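[1] structural data only, the sequence is not supplied:
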Ligand SMILES: NC(=O)C1=CN([C@@H]2O[C@H](COP(=O)(O)OP(=O)(O)OC[C@H]3O[C@@H](n4cnc5c(N)ncnc54)[C@H](O)[C@@H]3O)[C@@H](O)[C@H]2O)C=CC1
Ligand SMILES: O=C(CO)COP(=O)(O)O
Ligand SMILES: [Zn+2]
């Protein structure tokens, strides 16, 4: 079953239409899940809970029976936590992103932990451009990394179809790839005035490709494996590095598109173009800018294929030497 959002608002002051949207959906008593930095945008008179005060493992369903819906208001983690709670309770979820850092704002996926899992797409997305425009620049740069990812994700998906016969949808692949190509072209050829709005639209569309494909395949390939591997290592070594999902994916995309170029002459220059688009929005393109040690980048590249059962250009893994070579050639290290 494909579930996609029923209402999508992407405009200035959209947040003030929240109660209208709730009314249209016949919802009266939502619980708002938000963060301490984003609570200020919660102008409505509903109960609030902070996402970082919820233990998703010890989560008691009975405490939430009085709510008929959940609103996730904030960045990726607030939205993911809200989506998960709504799914566990079997009630509708409304996504109110306060920034545009990844496509979780519209996707049916929860990726608080790996492996991520399918839940249900938000019933409504209320993207207030005034709020998003004012969000930290770093988060808006990270969003570009989650969009360029679609390029390598689709190349990987096609490769898996060709080499191991994985089910593949050309329409989902084209949709996903086009979203990325259009944003890259816009970023490289404009003064970025409309960037926040275009980014939000792209991320929402990207989330919808995941709903249609019923898999994150169109938006998550080897570049996401690399990002998930970094998250895994940061936790394992207890490192206090606050690199963002989208930032890591962007750097992963530079390296993975280079790997694809090595196997396909027609892709020559792709990695450089992706890097330029990331640079234009001030997203990090090097380990140093990510504030991650070079050795950690190499280790992540060598373990990325083990993160989940997803066949990509990394196939059954790459050696330490190969990892170093691609990170150096792409000037990530
Ligand atoms: N479901 C999905 O498909 C996906 C979900 N995710 C989720 O997203 C998380 C990462 O999300 P991010 O947004 O990168 O990080 P985050 O959610 O940790 O947010 C970073 C910081 O930005 C703050 N913030 C957000 N909007 C703000 C605003 N307008 N003004 C001031 N501060 C603001 C947040 O409060 C937070 O402190 C992952 O941990 C994962 O749970 C990531 C990718 C895809
Ligand atoms: O981040 C995502 C898509 O951008 C979700 O993908 P994953 O399935 O890799 O968690
Ligand atoms: Zn992502």
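    Thanks, I have the structure now. Because the structure is predicted, anything quoted here is derived from the model rather than measured. Ligands and ions are numbered 1, 2, ... in the order given.
[2] how about residues contacting stretch 203-215?
    Residues from elsewhere that reach stretch 203-215 (Cβ atoms under 8 Å, 6 or more residues apart in numbering): 2-5, 8, 10, 100, 102-109, 118, 121, 125, 127, 143, 146-147, 150, 169, 172, 175-176, 179-180, 216, 218-219. C-beta: built from backbone N, CA, C; applies to glycine.
[3] try 7 Å this time
    Contacts with stretch 203-215, where a contact means Cβ atoms under 7 Å, 6 or more residues apart in numbering, come from 2-4, 8, 100, 102-103, 105-109, 121, 125, 143, 146-147, 150, 169, 172, 175-176, 179, 216, 218-219.
[4] equivalent analysis for stretch 267-279, please.
    With Cβ under 7 Å, 6+ apart, stretch 267-279 has contacts from 144-145, 148, 151, 184, 187-188, 250, 253-254, 257-258, 260-261, 285, 330.
[5] can you pull out the strands in the protein?
    Taking DSSP state E to define them, one finds strands in the chain at 7-11, 30-34, 47-50, 69-74, 93-97, 109-110, 117-118, 124-128.
[6] tell me which strands the worst-scoring helix or strand of the chain on mean pLDDT pairs with, and in which orientation.
    Least confident helix or strand, the chain: strand 117-118 with a mean of 94, by mean pLDDT, DSSP states H and E. Sheet pairing of strand 117-118 (DSSP bridges) gives strand 109-110 (antiparallel).
[7] so residue 326 is in contact with residue 258, correct?
    Yes. Applying Cβ atoms under 7 Å, one finds residue 326 in contact with residue 258, separated by 5.7 Å.
[8] what residues does this structure have near ligand 1?
    Residues of the chain lying close to ligand 1 by Cβ under 6 Å from any ligand atom are 35, 37-38, 74-77, 80, 98-99, 101-104, 107, 109-112, 131, 135-136, 139, 142, 244-246.
[9] out of the residues you listed, which are inside helices?
    Under the assignment DSSP state H, those contribute 76, 77, 80, 131, 139, 142, 245, 246 to helices.
[10] spatially nearest residue to the residue most central in space within the chain, not counting backbone neighbours?
    Closest residue to the average C-alpha location of the chain: residue 102 at 3.2 Å, with Cα atoms, centre = their mean. Of all residues not flanking residue 102 in the chain, residue 146 sits nearest, at 4.4 Å (Cβ to Cβ, 6 or more residues apart in numbering).
[11] roughly how far does the one you found sit from ligand 2?
    5 Å (Cβ to the nearest ligand atom, to the nearest Å).
[12] around that residue, how many other residues sit close by?
    33 (other Cβ atoms under 10 Å).
[13] that one: what's it in contact with?
    Applying Cβ under 7 Å, 6+ apart, the residues near residue 146 are 102, 103, 203, 245, 246, 249.
[14] from the residues you listed, which are also near ligand 3?
    The residues of the contacts of residue 146 that also fall near ligand 3, by Cβ under 5 Å from the ion, are residue 102.
[15] include distance to residue 278 and pLDDT when you put the contacts of residue 146 into JSON lines, please.
    Formatted as JSON lines, the contacts of residue 146 follow (distance: Cβ to Cβ, whole Å; pLDDT from 0 to 100):
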{"residue": "102", "distance to residue 278": "15", "pLDDT": "98"}
{"residue": "103", "distance to residue 278": "16", "pLDDT": "98"}
{"residue": "203", "distance to residue 278": "15", "pLDDT": "98"}
{"residue": "245", "distance to residue 278": "14", "pLDDT": "98"}
{"residue": "246", "distance to residue 278": "10", "pLDDT": "98"}
{"residue": "249", "distance to residue 278": "10", "pLDDT": "99"}
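[16] which one (most neighbours) among the contacts of residue 146?
    residue 249 (32 neighbours).
[17] now the stretch 51-200 of the chain against ligand 1: closest residue?
    residue 76 (2.0 Å; Cβ to the nearest ligand atom).
[18] distance of that residue relative to residue 84?
    According to Cβ to Cβ, to the nearest Å, residue 76 stands 12 Å off from residue 84.
[19] quick check: mean pLDDT of stretch 217-229?
    If you average the pLDDT over stretch 217-229, you get 98.
[20] before we move on, what about stretch 262-270?
    Stretch 262-270 comes out at a mean pLDDT of 98.
[21] going forward, the N-terminal residue is numbered 57.
    Will do, 57 is the new start, and the previous item becomes stretch 318-326.
[22] got the end-to-end distance for it?
    End-to-end span of stretch 318-326 (Cα to Cα, to the nearest Å): 11 Å.
[23] these two touch, right, residue 256 and residue 156?
    Yes. Using Cβ under 7 Å, residue 256 is in contact with residue 156, at 4.7 Å.
[24] any residues in contact with both of those two?
    The contact sets of residue 256 and residue 156 overlap at residue 188 (Cβ under 7 Å, 6+ apart).
[25] quick check, pLDDT for residue 115.
    Reading off the model, residue 115 has pLDDT 83.
[26] mind checking how far the closest residue to it other than its chain neighbours is from residue 272?
    Using Cβ to Cβ, 6+ apart and skipping the chain neighbours, the partner closest in space to residue 115 is residue 144 (6.5 Å). The gap separating residue 144 from residue 272 is 20 Å, by Cβ to Cβ.
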